[in-house]
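K.L.:
show me how the following folds:
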Amino acid sequence: MKTVLITGANKGIGLETARQLARQGYHVFLGSRDLVRGQQAARQLHAEGLSEVEAIQLDVTNADSVQAARAEIGRKTPVLDALINNAAITGGMPQAALGAAVATFQEVFATNVFGVVQVTQAFIDLLRLAPQPRIVNVGSSGASLTLSSDPAWKYYHHKGAVYPASKAALHMYTIVLAYELRDTPFKVNAVDPGFTATDLNGHRGTGTVQEAGTRIAKYVLVGDDGPTGKFISEENTPVTGEIPW
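P.N.:
The predicted structure follows:
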């Protein structure tokens, strides 16, 4: 049975992605900063008949928590087939370039960028042992420099100095990670789930978590002929899926 770790998976898009991959036959390690909430989410999926789901305490900003999660998962499986770096925070709105506090930048980058680096580096050894390892970094089309600077883009006026900047940094990390793993079986992509109605945006999004979960799960399930080192946003380009960085 294939295994996947999803960070920030006790609710929203992470939980829905866990649901969809469990339905595809994966054993899901449901990462949650609050273990009790993670266990509640796992029980919810168990009640739906998805027994191959278990909660793991994982605070991506805490090195001890990440290492403890690595040790726990390592005791349960010799191989990790996929990692979905989903945990993220916005830092609150508005985020004016001349008004956002440096402390807000630091807090958001700690989760959205440094947390991803910390988790990826901690679990890369288990991922390397998988025959078809997959890494999906959950990105945002709002962090596309090309689209964000185009007045014709539908979200052009949806600006923020902090959250999009953190996702843009995540996108660059994705490019470099995919490059370093280019001669291996890894597929590494940044996937935009779309403007989804979740707690993250006060449920202002226009898309559903089901749509978002499908978009993310698709790039875990992708075959050997699938893309790597790409920025995927099916909300913006439903035909090819790829958008400019």
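K.L.:
quick one: the strands in the protein, in order.
P.N.:
Ranges of strands within the chain are 3-6, 27-32, 53-57, 82-85, 134-138, 187-191, 231-232, based on DSSP state E.
K.L.:
contacts for the last one?
P.N.:
Taking contacts as Cβ atoms under 8 Å, 6 or more residues apart in numbering, the residues outside strand 231-232 that touch it are 139, 144, 171, 174, 189-192, 215, 219, 241-245. All C-beta atoms are positioned from the backbone trio N, CA, C, and that covers glycine.
K.L.:
show the buried residues in the residues you listed.
P.N.:
With burial judged by 16 or more other Cβ atoms under 10 Å, the buried subset of these is 139, 144, 171, 174, 189-192, 215, 219, 241, 243, 245.
K.L.:
most centrally placed residue in the protein?
P.N.:
residue 86 (2.5 Å; Cα atoms, centre = their mean).
K.L.:
pLDDT value on it, please?
P.N.:
At residue 86, the pLDDT value in this model is 98.
K.L.:
same question, residue 239
P.N.:
Model confidence at residue 239, given as pLDDT, is 65.
K.L.:
below-threshold pLDDT in the chain: ranges please.
P.N.:
Within the chain, the ranges that satisfy pLDDT under 70 run 197-206, 239.
K.L.:
now do the phi/psi pair for the spatially closest residue to residue 147 that is not a sequence neighbour.
P.N.:
In space, residue 147 comes closest to residue 153 once its chain neighbours are excluded; the distance is 4.7 Å by Cβ to Cβ, 6 or more residues apart in numbering. Backbone dihedrals for residue 153, given as degrees, to the nearest 10, come out at phi -70, psi 140.
K.L.:
so how far is residue 166 from residue 153?
P.N.:
Applying Cβ to Cβ, to the nearest Å, one obtains 20 Å for the distance of residue 153 from residue 166.
K.L.:
so those two - more neighbours on which side?
P.N.:
In this comparison of residue 153 against residue 166, neighbours counted by other Cβ atoms under 10 Å, the higher total goes to residue 166 at 26 against 16.
K.L.:
wait, what's in contact with residue 66?
P.N.:
With contact taken as Cβ under 8 Å, 6+ apart, residue 66 is in contact with 58, 59, 60, 118, 119, 122.
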